[in-house]
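Novice: Here is my input; please provide its structure:
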Amino acid sequence: MEDIVLHGEGNFDLVAELDLFAQHFTVPLRAARHHQVLITDKTPANVLALAGLVLDPTEPGTAAVLAAAEAMCRAWMPVAYDAIVYCRDRYDQKAGGDRMREKVLNIQDESDSAIYEACRATGVPMLEMPTGLTVAERVQWTVQRVGDMGLIAT
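Specialist: Just a heads-up that it's a prediction; the model follows:
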């Protein structure tokens, strides 16, 4: 994915998206073993939604793999996630944004809808963060909600 996004080598393809999808299972699993609460910036459902936008579903195997990934999200995420904190803020690349998002900035509105629906479809409770918060306010908002759920002492 770094080669595609940061170095402009290649395009989004099924192999790259499947690798990214798998990482969003394995990396949090390893990290969660040593922590009471783990907050990540994406879920497997986020990756699935974006893959659905950037991949050509008529390419051989793509539709079947995306369907299997969706089934995996619906089966695994309610087991592994207590909640999804959903943030709708837009990224402004001119303000020193995230270079990993450069290739998908032009589909932010479409991405937001697809990601929201993919997360909602997992059945995991969603906490919708208000837009326009500073980073410190986002942290405070999230800690308060996670604490209200009884997952951490606030």
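
Novice: Check which residues of stretch 42-49 are buried.
Specialist: Thr43, Pro44, Ala45, Asn46, Val47, Leu48, Ala49 (16 or more other CB atoms under 10 Å). All C-beta atoms are positioned from the backbone trio N, CA, C, and that covers glycine.

Novice: now these in a markdown table, with distance to Thr26 and pLDDT?
Specialist: Formatted as a markdown table, the buried residues of stretch 42-49 follow (distance: CB to CB, whole Å; pLDDT from 0 to 100):
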| residue | distance to Thr26 | pLDDT |
| --- | --- | --- |
| Thr43 | 13 | 95 |
| Pro44 | 10 | 96 |
| Ala45 | 16 | 97 |
| Asn46 | 15 | 95 |
| Val47 | 12 | 93 |
| Leu48 | 15 | 96 |
| Ala49 | 19 | 96 |
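
Novice: quick one: low-confidence parts of the protein?
Specialist: By pLDDT under 70, the low-scoring segments of the chain are 1-11, 89-105, 153-154.

Novice: one more time with 80, if that's ok
Specialist: 1-12, 89-108, 152-154 (pLDDT under 80).

Novice: helix or strand for the closest residue to Pro130 other than its chain neighbours, which one?
Specialist: Nearest residue to Pro130, sequence neighbours excluded (CB to CB, 6 or more residues apart in numbering): Trp141, at 7.2 Å. Trp141 is part of helix 135-148 when elements are defined by DSSP states H and E.

Novice: swap in Val85?
Specialist: Assigned by DSSP H and E, Val85 falls in strand 84-87.

Novice: One more: Leu127?
Specialist: strand 126-129.

Novice: Who are the packing partners of that strand?
Specialist: Using 3 or more CB pairs under 8 Å, 6 or more residues apart in numbering; DSSP states H and E, the elements in contact with strand 126-129 are strand 84-87, helix 135-148.

Novice: Quick one: list the elements packing against the host helix or strand of Asn46.
Specialist: Using DSSP H and E, Asn46 maps to helix 44-54. Applying 3+ CB pairs under 8 Å, 6+ apart, one finds that helix 44-54 contacts helix 14-32, helix 62-80, helix 108-121.

Novice: C-alpha coordinates for that helix, PDB please?
Specialist: What follows is helix 44-54, C-alpha atoms only, in PDB (Å, rounded to 0.1, in the frame of the first residue of the first chain):
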ATOM      1  CA  PRO A  44     -11.700  -4.000   8.900                       C
ATOM      2  CA  ALA A  45     -15.100  -2.600   7.800                       C
ATOM      3  CA  ASN A  46     -13.500   0.700   6.900                       C
ATOM      4  CA  VAL A  47     -11.000  -1.100   4.600                       C
ATOM      5  CA  LEU A  48     -13.800  -3.200   3.100                       C
ATOM      6  CA  ALA A  49     -15.800  -0.100   2.300                       C
ATOM      7  CA  LEU A  50     -12.900   1.600   0.600                       C
ATOM      8  CA  ALA A  51     -12.000  -1.500  -1.300                       C
ATOM      9  CA  GLY A  52     -15.500  -1.600  -2.700                       C
ATOM     10  CA  LEU A  53     -14.900   2.000  -4.000                       C
ATOM     11  CA  VAL A  54     -11.500   1.600  -5.500                       C
END
